[in-house]
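[1] sharing a model prediction with you, sequence too.
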Amino acid sequence: MRPARGALIVTMLLIVETMQSYAGQPVKNRPPLAPNHFLLLPLTSVQPRGWLARQLRIQADGLTGHLDEFWPDLGPNSGWLGGSGESWERGPYYLDGLVPLAYLLEDEKLIRKARRWVDWTMEHQRVDGSIGPEKNRDWWPNMIMLKALAQYQEASGDSSVVPLMQRYFAYQLRTIEARPLHEWAVFRWGDEVLTILWLYNRTGDTSLLDLARKLRDQGHDWKGQFADFQFTAKATRRELTLATHVVNNAMALKTEGEWWLVSRDSSDRDAAKRQLDEMDRYHLLPNGVHSGDEHYAGRDPSQGTELCAVVEGMFSIENLLAIFGDASLGDRLEKMAYNPLPATFSTDMWAHQYDQQPNQVLCTLHQRDWTNNGPESNLFGLEPNFGCCTSNFHQGWPKYVASLWMATEDDGLAAVAYAPSEVRTTVRGGVQAAVTEETGYPFRDSIRLAVNPEKPAHFPLELRIPQWATGARVTVNGRIESSVRPGAFHRIDREWAAGDVVELRFPMKVRVSRWYHGSVAVERGPLVYSLKIGEEWKKLRDKPPTADWEVYPTGPWNYGLALDPDKPEASIQVREKPIGAYPFSPEGAPVELTATGRRIPEWELLNGSAAPLPESPVHSSEQPETLTLIPYGAAKLRITAFPIVGN
């Protein structure tokens, strides 16, 4: 149970007073921390609108909203609800996505569900400050729970969260030498540093920075791993360690960046960039994420990526974007959110994959050439291969919504990624302001921002211009802005008044990128496009109220594209369709491309997957055919990396 509060009453009153002064406002880093470039806004400052709100509703009506009703690991016997059941990471993982989803949707049913987990943890903190099930002696699941509690505090304003965290971190600081980090916590220490810095910025307690330093001392040296990166190909059997585990690496993408805030050492800042560069060079796939099934898997598009790596990679990039303010990170984040995130779910989000493949032509019970995953890994189902993704995927969409807008250090606003949304926060001079974003992005190229401060206010508005948006145009109340550069933030610092309108147009020219064996991927805006393959879904087994599914192709898939990679727009046509209720489905895809291709008969299946791509250019004597390409996120079967057919 919670300790008595008498001795802490003065401290708590001071904390409550401090918290009230920050309510609803972004919190800046306290010295000696380095300042963030952008500031993450408190949860619920950004609200989804349009197709994005519908996507969150799909998630709430799918597995996320019902998983605890039938999956034993999240049932009433969970150790995180006081039972004797699963007491490690699955309850905290679930809560880490349920909290932002529930509060963003203002869904009372989901909020009540989230509060069950929050309340048990809050009400059962022990006298020594420790939290969680008695039988859990691992620091790692507590790290996740702390992230969830921080989000809950921002959304609810509950003043008891901060004192709980203070007691917990004081307990950990006293005991961590005798009970050091082990196994997963060694590699995921950066996730706790996030919460430590969150609390430090609200309390100024310098002992928290002492704890952060102990975590780094006991944690894995990610900086050293990428200073001399040895894993430049698909991992071998002897390389299957926690250091090559794709989810650990996805989480670690943010670690050196956040540590730079503490150290202010430029080599830590450089290390964050080097880690991304090395992972891109040796393990990036055309869908925008790094391979790992479940360890480093190279660049063959028939290798897979674990769903946990997608959502954790997004969370890392969201944090790096706030720390460094690098526009290219916004491009990367959008590519991940709009391609591999929706691609790995059934349309109704009642089933998901453990591994997805850019070239995915068959989803069946088969032992594929994964580094070490099992034969269920690319099925769509409840918990294919392993249940970690079942409990962890929930954070992807809601945390993306929360990160669309950030605050600037000089009390303005920054649009770091684009989707229909509304942001409400306090800007320069303490003025409350709202910006409503109306758009069909990423399926459309125009964005309208309606700026509405409660009274005229002078503050900056920073707009990310994607690197691919050559010819981008920005207007304010119809007047064209000058010096708009792709790959940078465009800053407008002026007095804003209610009714001001900013309009952006990002021309979405068809382009191709080069990949494995000289193949090409077709891109337009932030979307990657894949061959539309007919799908036959066959139920493998019932797991009421859900099921496990195999997916078979109803037509051929082994095509190469006949195009000039330097002028792809000359041979690819674009057709825009209405944005319906399910934009990430084969039938509901709001954009289709048509291209010319030829069959490559010798390119066949190998161990249940598309065989390695033939080197481009490839000769084919087959007749030309018109191919339909749809957004990667809508295609559950697909070819994404295409051979080029030569003359």
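    Sure, I can see it.
[2] strands of the stretch 501-647 of the chain, start to end?
    510-514, 520-524, 527-531, 535-543, 546-553, 559-561, 573-576, 591-599, 605-606, 609-610, 625-631 (DSSP state E, counting those that start in this stretch).
[3] now the ones you listed as JSON lines including mean pLDDT and mean neighbour count?
    Heads up, the C-betas are built off the backbone N, CA and C, glycines and all. Rendered in JSON lines, the data for the strands of the stretch 501-647 of the chain read as follows (pLDDT from 0 to 100; neighbours: other CB atoms under 10 Å):
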{"stretch": "strand 510-514", "mean pLDDT": "97", "mean neighbour count": "17"}
{"stretch": "strand 520-524", "mean pLDDT": "98", "mean neighbour count": "23"}
{"stretch": "strand 527-531", "mean pLDDT": "98", "mean neighbour count": "27"}
{"stretch": "strand 535-543", "mean pLDDT": "97", "mean neighbour count": "13"}
{"stretch": "strand 546-553", "mean pLDDT": "98", "mean neighbour count": "18"}
{"stretch": "strand 559-561", "mean pLDDT": "98", "mean neighbour count": "26"}
{"stretch": "strand 573-576", "mean pLDDT": "98", "mean neighbour count": "12"}
{"stretch": "strand 591-599", "mean pLDDT": "98", "mean neighbour count": "19"}
{"stretch": "strand 605-606", "mean pLDDT": "98", "mean neighbour count": "13"}
{"stretch": "strand 609-610", "mean pLDDT": "98", "mean neighbour count": "22"}
{"stretch": "strand 625-631", "mean pLDDT": "98", "mean neighbour count": "20"}
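[4] turn those into JSON lines, including distance to residue 359.
    Supplementary listing: the strands of the stretch 501-647 of the chain in JSON lines, determined by distance: least, CB to CB, whole Å:
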{"stretch": "strand 510-514", "distance to residue 359": "15"}
{"stretch": "strand 520-524", "distance to residue 359": "10"}
{"stretch": "strand 527-531", "distance to residue 359": "9"}
{"stretch": "strand 535-543", "distance to residue 359": "15"}
{"stretch": "strand 546-553", "distance to residue 359": "12"}
{"stretch": "strand 559-561", "distance to residue 359": "11"}
{"stretch": "strand 573-576", "distance to residue 359": "23"}
{"stretch": "strand 591-599", "distance to residue 359": "14"}
{"stretch": "strand 605-606", "distance to residue 359": "11"}
{"stretch": "strand 609-610", "distance to residue 359": "4"}
{"stretch": "strand 625-631", "distance to residue 359": "14"}
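[5] among the ones you listed, which is nearest residue 133?
    With CB to CB as the criterion, residue 133 lies closest to strand 535-543 of these, at 25.8 Å.
[6] name every sheet partner of the closest one and say whether each one runs parallel or antiparallel.
    When sheet partners are counted by DSSP bridges, strand 535-543 sits next to strand 546-553 (antiparallel).
[7] all helices for the stretch 101-250 of the chain, in order.
    When assigned using DSSP state H, counting those that start in this stretch, the helices of the stretch 101-250 of the chain occupy the ranges 108-123, 139-156, 161-175, 184-187, 189-203, 207-218, 222-227, 246-252.
[8] now do the last one: everything it contacts.
    The one in question is helix 246-252. Helix 246-252 is touched from outside by 184, 187-188, 190-191, 220, 222, 242, 275, 279, 290-297, 305-306, 308-310, 312-313, 315-316, 388, with contacts defined as CB atoms under 8 Å, 6 or more residues apart in numbering.
[9] inside strands: which ones of the residues you listed?
    Judged by DSSP state E, the subset of the contacts of helix 246-252 located in strands is 305-306.
[10] just the buried ones from the contacts of helix 246-252?
    Applying 16 or more other CB atoms under 10 Å to the contacts of helix 246-252, the neighbour count classes 184, 187-188, 190-191, 220, 222, 275, 279, 290-297, 305-306, 308-310, 312-313, 315-316, 388 as buried.
[11] now the most centrally placed residue in the chain: how far from residue 254?
    Among the residues of the chain, residue 314 comes closest to the average C-alpha position under CA atoms, centre = their mean, at 2.5 Å. Distance, residue 314 to residue 254, using CB to CB, to the nearest Å: 11 Å.
[12] just residue 565 next, same as before
    Taking CB to CB as the measure, residue 565 falls 34 Å from residue 254.
[13] higher neighbour count, the two?
    Counted by other CB atoms under 10 Å, residue 565 and residue 254 do not tie: residue 254 has more neighbours, with 26 against 15.
[14] help me confirm that the more buried one comes into contact with residue 190.
    Yes. Residue 254 sits in contact with residue 190 when judged by CB atoms under 8 Å, with a separation of 6.1 Å.
[15] ok, residue 152 touching residue 158?
    Yes. Applying CB under 8 Å as the test, residue 152 and residue 158 come out as touching, 6.7 Å apart.
[16] list residues touching both of the two?
    Taking CB under 8 Å, 6+ apart as the contact rule, residue 152 and residue 158 have no neighbour in common.
[17] many thanks, I have nothing further to ask.
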